[in-house]
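Novice: Can you look at this prediction? I've put the sequence above it.
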Amino acid sequence: MKTRSGTRRWTPLAALVLTGAMALPAWAGPTTSPPVEPGNLRVMTRNVYLGASLTPALAAQDTPALLAAVTTIYSRVRATDFTIRAEGLADEIKRESPDLIGLQEVTTWTTSGPGTGPSQDFLAILQQALTRRGLHYAVASTSPGSDVGPIPLAAPCASATIGACTLRLQDSEALLVNERTPGLHWSNPRHGVYQARQSVPLPGVPPIQLVHGWASVEARHHGVAFRFVTTHLETQQAPSVQHAQAAEFLAGPAAGPGTVIAVGDFNSAADGSTTDTYRLLTGRFRDAWTEASPGGPGNTCCQSAELNNPDPQLTSRIDLVLLAGAASAKSARVVGADPFRAAVPRYTSDHAGVTVTVDWRRPAGR
């Protein structure tokens, strides 16, 4: 979960997007991706971004500061409007045509009280955008994460009474399966949360727990059995928590014989510059980006919290596709690194995503 900050005013563009009255331009990036050959599988990992940094609230020292921080955070969520970003994300998914998608920071912002405006369910909004493009992705598994609130929201609120309006944040991971992929079948959806977690004290309210988890399915593609898992680990600001979560991941959903494809925001730089979690993970898995050798650094993090930087500013590779067993990375590419529109929000997320085409030839020497 992000701990950065930014600001921007709310605009009414969401209604135009939902009614189709405004066409969002293909601002940058290829219009098509290389086709998936018969027998290959394409997977994607995508942190969709909760829409704002939580730093103002986590740093609040007293109740007035906390109330001001909540107002600031929600104004930024509205400025980075997910109803707009979902259109760009759906275009990315249409271009890439992944068979399986792991999503992180799939957020629900729930408001109550007079004048607060509508709540936002990111998963429902994204599904609507996919459906408008004729795409058919089933939500195969979800995992609940952090659940913060309800907490008083001072603005927007049509009442001066503190507590008349509230805001609640619910974070989750989600796993989507393309229902139109020939030869792909899935079953046994599972999910879980990590016992290791960061606890943050807040003034005037109980401490909040920053909860992360995982979601998985058992799948078969043209007769090849494998497990597909998506996860999100704690940030580098809490390295011991992140490392403990990675150990739980390896001992839990990633454990056992057979082929596993794990995707997610692991929050550990692949070059070892932040935490040693990447090294721990690659003791069990192969890194698909390294195996496919596509060239370039493959950086995926991070754009500005306000999604307003003119040019991409990705400096680390923390969004990974990891392989164990018979899955072999045939190709890999970063998606969503460039602006998708001229106005703010300029980017679909503060992260770029990664797509990997997998074939089922066991790598030499494995």
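Specialist: The structure has been received and is ready for your questions.
Novice: and S273, which of the three is it?
Specialist: Recorded secondary structure, S273: coil (DSSP: H, G, I helix; E, B strand; the rest coil).
Novice: ok, it to S349 distance?
Specialist: As judged by C-beta to C-beta, to the nearest Å, S273 and S349 stand 22 Å apart. (C-beta placed from N, C-alpha, C; glycine too.)
Novice: who's more crowded, these two?
Specialist: Neighbour count, other C-beta atoms under 10 Å: between S273 and S349, S349 has more, with 28 against 11.
Novice: Enumerate every residue touching the closest residue to that one other than its chain neighbours.
Specialist: The spatial neighbour of S349 that comes closest, neighbours along the chain excluded (C-beta to C-beta, 6 or more residues apart in numbering), is Y49 at 4.1 Å. Counting by C-beta atoms under 8 Å, 6 or more residues apart in numbering, Y49 makes contact with 2, 80, 85, 105, 307, 349-351.
Novice: Please apply the same query to D319.
Specialist: With C-beta under 8 Å, 6+ apart, D319 has these contacts: 45-47, 264-266, 300-301, 351-354.
Novice: Can you report how many residues lie near L123?
Specialist: The burial count for L123: 18, using other C-beta under 10 Å.
Novice: My guess is it contacts V139. True?
Specialist: Yes. Counting by C-beta atoms under 8 Å, L123 touches V139, with 6.8 Å between them.
Novice: Identify the contacts common to the two.
Specialist: A174.
Novice: and A68, which of the three is it?
Specialist: Here A68 is recorded as helix under three-state DSSP.
Novice: no no, Y278
Specialist: helix.
Novice: What sits closest to it if chain neighbours are left out?
Specialist: Using C-beta to C-beta, 6+ apart, the nearest residue to Y278 is S268, at 4.3 Å.
Novice: What of R85?
Specialist: Nearest non-adjacent residue to R85, counting by C-beta to C-beta, 6+ apart: T348, 4.9 Å away.
Novice: and that neighbour, backbone torsions?
Specialist: Phi and psi for T348, reported as degrees, to the nearest 10, are phi -70, psi -20.
Novice: ok, it to V48 distance?
Specialist: Separation of T348 from V48 (C-beta to C-beta): 8 Å.
Novice: okay, and the common contacts of the two?
Specialist: With C-beta under 8 Å, 6+ apart, T348 and V48 have common neighbours 85, 89.
Novice: Settle it for me: which of the two has more neighbours?
Specialist: T348 (30 against 25).
Novice: Need the pLDDT of that one.
Specialist: Reported pLDDT at T348 in the predicted model: 98.
Novice: can you tell me which residues contact V70?
Specialist: 57, 151-154, 167.
Novice: want to throw those into JSON lines with secondary structure and distance to Y74?
Specialist: Shown next, in JSON lines, are the contacts of V70 (DSSP: H, G, I helix; E, B strand; the rest coil; distance: C-beta to C-beta, whole Å):
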{"residue": "A57", "secondary structure": "helix", "distance to Y74": "10"}
{"residue": "I151", "secondary structure": "strand", "distance to Y74": "10"}
{"residue": "P152", "secondary structure": "strand", "distance to Y74": "11"}
{"residue": "L153", "secondary structure": "coil", "distance to Y74": "6"}
{"residue": "A154", "secondary structure": "coil", "distance to Y74": "10"}
{"residue": "L167", "secondary structure": "strand", "distance to Y74": "6"}
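Novice: Which members of the contacts of Y49 occur in helices, if any?
Specialist: R85 (DSSP state H).
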